[in-house]
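K.L.:
model the structure of this input:
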Amino acid sequence: MEFFIRQGSSDPILKLRLLDDGKNDKSSFNDMLENSNITFEMFDVETEVYHILNGQCLLTTRTKKYDQTTDEYYITYRFTEEGTSNKGRYEGIITIQFLDTNSNPTTKLILPLKEKLFINVI
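P.N.:
The predicted structure follows:
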């Protein structure tokens, strides 16, 4: 997946839709998502130097108009001017740290799963 943003810009917002692959119980996964810490990291593809560590992501939902029983979940990240200050090609990683009822870390999920996320600062 390719994402493009101008140098020194904070827009557009990075937005990733969580897809339902049908392998898991969607309602319990959605409940787990709502009690989690979601962070974003970005590193230079050539040098492997991190430019963003533990950037805070937001979880947003959208109720489908034609099927109001299921929500679509999106993870969003707003870049800062500092985070996009250097031109280049970067790889982005989103980490979801699920928490139990006492806010203790449990399972960790690293996204995206199927293809790498490349951020191109132009």
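
K.L.:
just name the shakiest helix or strand of the chain by mean pLDDT.
P.N.:
When the helices and strands of the chain are compared on mean pLDDT, DSSP states H and E, helix 26-34 comes out lowest with a mean of 69.

K.L.:
burial count for T39?
P.N.:
Using other Cβ atoms under 10 Å, the number of residues around T39 comes to 16. Just so you know, the C-beta spots here come from the backbone N, C-alpha and C atoms, and that holds for glycine as well.

K.L.:
show me what counts as buried in the helix or strand hosting it.
P.N.:
For T39, the host element (DSSP states H and E) is strand 36-44. Using 16 or more other Cβ atoms under 10 Å as the test for burial, strand 36-44 gives 36, 38-43.

K.L.:
in terms of distance to N120, which of the residues you listed ranks first?
P.N.:
The closest of these to N120 turns out to be M42 (Cβ to Cβ; 11.3 Å).
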